[in-house]
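J.: next come a sequence and a model predicted from it.
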Amino acid sequence: MTASKKEADARLLGKIMVARFLEEPLWRVRAFVRGTEALPGFRGAEGLIQGGMVRDARVADDAKEAPGVLGEVAKSVSRHGFLYHDAAYAREYLFDDTELARFVRASGEPALAGMASRLRLVNTRNRLTYALVHAVLEVQAEYLESANPLALRPLSQSEVSAMLCRDGSFPLAVDEGRVSRLVRNLSIRLPGGEDISLQTLFPSARQHHCQFVTHVIKEERRGIIKGSLAKPLTDDEIAQAVERDFGVHLSRRTVAYIRQDLGIPDHRARRTLGDYHAVTSRFSAMLPLSPEAVRAWAPRSPGVYEIRTGGFVPETVYVGSARNLRKRLADHLRGSGDNVLLRRVVAEGAGFRYRRVADEWRIVEREVYRAFCETYGTPPLCNRVSP
């Protein structure tokens, strides 16, 4: 094998290792950093390795850690800053490759053989994480200030990749693939205490438009209840309202597609409202969503279920179905899945009720979901897509 071939293979292997490390969950990153610093002989190399934090990164003093949460957005006097939940997520090592290689050879410690590679992996991930988070916080500053989903700006991962590439202070090559791998497993905590997936801050233009249409239809329901609106809006009228209120032009056909994606009926169906209470009359009594209640009351059979908030005025936030209701509800309690908002509701204390459905439970789920949309003019808060 020629020297150039070996060098090309080494570069390819390095890219694969970086790609895999970017996808690692935070608990593995923390363990990797601590494991690296616990290597035999690592302390002996302290004169060669300067360990510190990426740029001006800071760690929260009394953060309440949660799985997958990188840190929290903190409001300073002039701007939003970011506080990490663990120093390992912002660790950075400065070292000279030649000097470190000489030390490793002289030490005779086999465990130190790949130390330089480990340090580079940590540096790459943490520097990219720092640059990515701060770039996104800058773009979505208005949303962070208001916590209003309508304030989110459409943002693609390729746009952020281009922003970082233009940033002369960021030395690493950043492509959309690296951004995607890093973002998919990260969450952050907003100033109000809500944990959200970092992907939430990357809404597509279509998702942005969905927020506008949802808002208009919610206002429609309020108008009908108050008597200021005689009947539901047509798709043309919804498009006009979006342009008037948000300055965004949507065609009638686009509004119709968005409605269908959200499971919201057309104006004729909304005029004859479905009764969600009637559709759910055969559901069980409300039960606490706790391990004890799930084991005692949730059946192992198929069915449809509803999750409600546990506040003084409970609110239905999720409608779902499963082949095994007990298993699915237990999954929610464990925080399985990437529905961050639903995980937060469950963690804060929620309730559930269910209905056994021997066959075609998914069809019944769609009927319940549709009735909710028809009754309240909007999908349940934590249902991200129409079943």
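T.: Structure's in. What do you need?
J.: rest of the way, CA atoms for contacts and neighbours
T.: Fine.
J.: what sits against the closest residue to Arg323 other than its chain neighbours?
T.: Nearest residue to Arg323, sequence neighbours excluded (Cα to Cα, 6 or more residues apart in numbering): Pro302, at 4.0 Å. The contact partners of Pro302, taken as Cα atoms under 8 Å, 6 or more residues apart in numbering, are Ser321, Ala322, Arg323, Asn324, Leu325, Arg356, Val357, Ala358, Asp359, Trp361.
J.: recalculate using a threshold of 10 Å.
T.: The contact partners of Pro302, by Cα atoms under 10 Å, 6 or more residues apart in numbering, come to 321-326, 354-362.
J.: now, among the residues you listed, which is nearest to Cys382?
T.: Taking Cα to Cα as the measure, Cys382 lies nearest Ser321 of the contacts of Pro302, at 14.0 Å.
J.: tell me the phi and psi of the closest one?
T.: phi -140, psi 160 (degrees, to the nearest 10).
J.: what about it, how many neighbours?
T.: Neighbours of Ser321 under the rule other Cα atoms under 10 Å: 25.
J.: my read: it touches Glu365, true?
T.: Yes. The pair Ser321 / Glu365 is scored as a contact, 6.0 Å apart, by Cα atoms under 10 Å.
J.: next, show the common contact partners of these two.
T.: Gly303, Val304, Tyr305, Glu306, Val357, Pro387.
J.: rank those by pLDDT and give me only the lowest.
T.: Within the set of these, pLDDT is lowest for Pro387 (85).
J.: give me the spatial nearest neighbour of it, chain neighbours excluded.
T.: Closest to Pro387 by Cα to Cα, 6+ apart is Arg366, at 5.7 Å.
J.: pull the contacting residues for the residue of the chain most remote from its centre.
T.: When each C-alpha in the chain is compared with the mean C-alpha position (Cα atoms, centre = their mean), Ala106 comes out farthest, at 46.1 Å. Ala106 is in contact with Leu100, counting by Cα under 10 Å, 6+ apart.
J.: give me the element it is part of.
T.: Following DSSP states H and E, the helix or strand that holds Ala106 is helix 97-107.
J.: and that helix, which residues are buried?
T.: Neighbour-count burial for helix 97-107, counted by 16 or more other Cα atoms under 10 Å, picks out Leu100, Ala101, Phe103, Val104.
J.: where do the strands of the stretch 1-150 of the chain begin and end?
T.: Ranges of strands in the stretch 1-150 of the chain, per DSSP state E, counting those that start in this stretch, are 49-53, 58-59, 69-75, 80-84, 91-95.
J.: out of these, which is the most enclosed?
T.: strand 69-75 (a mean of 21; mean count of other Cα atoms under 10 Å).
J.: direction included, what does that one pair against?
T.: strand 80-84 (antiparallel), strand 187-189 (parallel) (DSSP bridges).
J.: ranked by average pLDDT, which of those strands falls at the bottom?
T.: strand 80-84 (a mean of 84).
J.: distance from that one to the middle of the chain?
T.: Relative to its chain's centre, strand 80-84 lies at 17 Å (Cα atoms, centre = their mean, to the nearest Å).
J.: what residues does Glu24 make contact with?
T.: With Cα under 10 Å, 6+ apart, Glu24 has these contacts: Arg125, Arg181, Leu182, Arg184, Asn185, Leu186.
J.: just put those in JSON lines and tack on neighbour count, pLDDT and distance to Ile196.
T.: Listed next are the contacts of Glu24 as JSON lines, based on neighbours: other Cα atoms under 10 Å; pLDDT from 0 to 100; distance: Cα to Cα, whole Å:
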{"residue": "Arg125", "neighbour count": "23", "pLDDT": "91", "distance to Ile196": "20"}
{"residue": "Arg181", "neighbour count": "16", "pLDDT": "89", "distance to Ile196": "17"}
{"residue": "Leu182", "neighbour count": "21", "pLDDT": "89", "distance to Ile196": "15"}
{"residue": "Arg184", "neighbour count": "16", "pLDDT": "85", "distance to Ile196": "12"}
{"residue": "Asn185", "neighbour count": "19", "pLDDT": "83", "distance to Ile196": "11"}
{"residue": "Leu186", "neighbour count": "21", "pLDDT": "89", "distance to Ile196": "9"}
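J.: out of these, which sit inside strands?
T.: The members of those all map outside strands under DSSP state E.
J.: which among those gets closest to Arg28?
T.: Distance to Arg28 across these (Cα to Cα) is lowest for Asn185, with 11.6 Å.
J.: quick check: the gap between the closest residue in space to that closest one that isn't next to it in sequence and Val216.
T.: Leaving aside its sequence neighbours, Asn185 sits nearest to Pro25 (Cα to Cα, 6+ apart; 6.0 Å). From Pro25 over to Val216 the distance is 38 Å, taken as Cα to Cα, to the nearest Å.
J.: so where's the stretch 1-150 of the chain uncertain?
T.: Within the stretch 1-150 of the chain, the stretches with pLDDT under 70 are 1-14, 63, 76-80, 109-113.
J.: would you mind measuring from the closest residue to Val73 other than its chain neighbours to Ala116?
T.: Counting by Cα to Cα, 6+ apart, Val73 lies nearest to Phe82, which is 4.7 Å off, once chain neighbours are set aside. Note on Phe82: its distance to Ala116, by Cα to Cα, is 28 Å.
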